[in-house]
Structure formats: C-alpha cells, structure tokens
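Asker: whatever this is, show me its structure:
(one chain, ligands or ions: 2)
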Amino acid sequence: MNEDREKFSLEIGKACRNVGFFYLSNHDIPSSLIERVYQQAEHFFSQSIEEKMKLYIGSCRYGNNRGYTPMFEEKLSPKGDLKEGFDLAMELPADDKDRIERGAILYGPNFWPDNLHGFRECIYNEFYLKMLSLGEKLFEAFALSLNLPSNYFKSMCQKPMVTMRLLHYPPQTIIQDEDQLGCGAHTDYECFTLLSQSNQSGLQILNNTQEWINAKPMPNTFVVNIGDLMQRWTNDQFKSTIHRVINTSGTIRYSIPVFFGPNYFTKIKSLINDEKEKYEPILADEYLTQRFNDTYQYRQTNSSST
Ligand SMILES: O=C(O)CCC(=O)C(=O)O
Ligand SMILES: [Fe+2]
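Answerer: Ligands and ions are numbered 1, 2, ... in the order given. Predicted coordinates:
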C-alpha cells in the first residue's frame, strides 16, 4: 500500500471491475501478530465442543450474530459446511443508542470466551482494530477508483458493520460429497473482504469460463475480494465473484476473513451517476440481515432474531 495512491487505486479499480479478487501485500499488519491470532484460533478450536457451545452463536443474548458456529451450521453447502467458526464485530455497549433507540440489533457487545488467556486482547485490541484501519485505507482507494473523493465513505464508516471470523476447516481428503464442502460456493455479502489464509491452500475462485482457480496462500498477503453490497452499490461495475473452500491440504486449515460493511443505516444507492440504476436503494442493515438469515441455521429456527 506504499505505492503512489493514484496508481494503486487505478490498479485495484481494474481488478475489481475484471476479477473481483486481488492480493494485497505491503500492508502494515505484522506477520508476528497474524501468527499470534492463528495461535489463539488453535487454542479456541481445540477446546471441547461443550466448551465451545457455551458461546453458541444462537444463544448470544444480544442476537447480534456473535460467537461460535459449529460444523454444518452454516449452509453455503446444501448439507452444511465442513467448518467451524468464531464471529466477532465492533465492540459496542449493550445500551448503544442506535441499538436501543433505532433498532440496530446487529450492534452491541461481542460474545467472548472468559477462559482463554489473552484471547480478546490479541484478537480484538491488537488485530481487529488494525484491520479496521487497513479497511479504511481500502475504502479510500475504492473511492478514488470510482472517481469519488478519497474520503467519500468515511462518514458512512464511523460505526461500520465489520465482522471478523476465525475459521477452522478439518482436512477433507477426497470430495465425497459435492454438497458438503469446507465452504460451499458463494459470494460474500458485505462491501469487501480481507482474508488471511494460513499456509494451507483450499480457497478456489470461479473464473469467467466457469473453472475453479486455486487462490494459493502467498506469505504476508491478504486476499481481497468484492462483496455483493459493493457490487450493488457500484451498479455492477465491481464484481462480487463466486468462491468456495475445499480443504484437501491433508491437514487442518485456518483462515481469518474480515468482512467490511458500512454503518448500519447507510443507504445503498448506485454510486454511478451516468447509468440507469439496476437496483432499488436499500439500507445496509436490511440487506445484511437478510443474507445472515438465509445462511445461518439458528436464524431460521428462530426467525424472531433479526
Ligand atoms: O476460508 C477461506 O479461505 C474463505 C472463507 C470465505 O470465503 C468466507 O468465509 O466467506
Ligand atoms: Fe467468502
């Protein structure tokens, strides 16, 4: 990210319009910190299922999609994904004004384990907050690549809906069932995703001739991809590309995606002035809530949670 800003935004603009995926290097997240996040992920997932289920996402008292997702809970593969995860987002008080007075139910506190030493400090205070700053820089680059002022998204990202996940994929030696992959074919929901992959391959991207291309892990890089909300916001100029995960590495695979959305009540209306709008304007929270409801099993059995 140290290159000349304009050149950088031109390049990513091209990648977003053609592929929807690119690798980001020269960022300022130390590899030693990323290593420590992986160690915390390993501590978390190696606990017993009973311990992890104390943080079950479906029993999070705030109903804000935080906590532990067991194997097969997420249904990107029709029979449930072969992965487990831990979800967190911006730490806000339970009596956050937008949450209490305006129904911003996805805001609020996280669902932290209290038995893992240094987990919250490492995951949130160190890593998540640094990722927020990196995401802000990317929002600036996206703005420039859309011929908007670099600070265009700033006011819409003061309390952004940014979800981070720790993901654990057990090894899948052969594909026994196309309907049960590590992570079934999908597009991401938010504006963009910054993904750290551990050394294990597994992520595949569908190209425009319908072939699955391996997105090999590259040291000290993040994979960046456009999500559906940004595709919609750019009237389909930026591409939200289908991808999936099959962990045939033979060993456990961890990954850490961070999904960047704007403030809860941001109106998503085409940013492209000289084109007919392809979509009705929609509020970011309405869109994301619907997508969460469609994917998480607990949200289907308990449809009162938004
Ligand atoms: O684990 C990965 O490499 C990608 C995960 C992913 O695509 C997602 O969580 O949306
Ligand atoms: Fe994804």
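
Asker: wait, S196 touches P219, no?
Answerer: No - here S196 does not reach P219: they are 10.8 Å apart, not a contact under CB atoms under 8 Å. In short, each C-beta sits where N, CA and C put it, glycine included.

Asker: between those two, which is the more surrounded one?
Answerer: S196 (21 against 7; other CB atoms under 10 Å).

Asker: and the nearest residue to that one once chain neighbours are set aside, how many neighbours does it have?
Answerer: Distance criterion CB to CB, 6 or more residues apart in numbering; nearest residue to S196, sequence neighbours excluded, is I256 at 4.4 Å. If you count neighbours by other CB under 10 Å, I256 ends up with 22.

Asker: please name the residues that touch the closest residue to ligand 1 within the chain.
Answerer: As assessed by CB to the nearest ligand atom, ligand 1 sits closest to S255 within the chain, at 3.4 Å. Going by CB atoms under 8 Å, 6 or more residues apart in numbering, S255 touches L167, Y169, L195, S196, Q197, S198, G202, L203, V245.

Asker: where does the residue nearest to S196 land on pLDDT?
Answerer: I256 carries a pLDDT value of 98.

Asker: so it: helix, strand or coil?
Answerer: At I256, secondary structure determined by DSSP: H, G, I helix; E, B strand; the rest coil is strand.

Asker: so how far is whichever strand or helix holds T289 off the chain centroid?
Answerer: T289 belongs to helix 284-295 when assigned by DSSP states H and E. From the chain centre to the centre of helix 284-295 is a distance of 13 Å (CA atoms, centre = their mean, to the nearest Å).

Asker: alpha carbons only: can I get the following helix or strand past it in CSV?
Answerer: Using DSSP H and E, the next helix or strand after helix 284-295 towards the C-terminus is helix 297-301. C-alpha atoms of helix 297-301 as CSV (Å, rounded to 0.1, in the frame of the first residue of the first chain):
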residue,chain,number,x,y,z
GLN,A,297,-29.5,-22.3,10.6
TYR,A,298,-30.1,-20.8,14.0
ARG,A,299,-31.6,-17.8,12.4
GLN,A,300,-34.1,-20.0,10.5
THR,A,301,-35.4,-21.8,13.5
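
Asker: now helix 297-301, how far from the chain's geometric center?
Answerer: On the basis of CA atoms, centre = their mean, helix 297-301 sits 20 Å off its chain's mean C-alpha point.

Asker: in that helix, what counts as buried?
Answerer: Using 16 or more other CB atoms under 10 Å as the test for burial, helix 297-301 gives Q297, Y298, R299.

Asker: check which helices and strands it sits against.
Answerer: Using 3 or more CB pairs under 8 Å, 6 or more residues apart in numbering; DSSP states H and E as the contact test, the elements touching helix 297-301 are helix 284-295.
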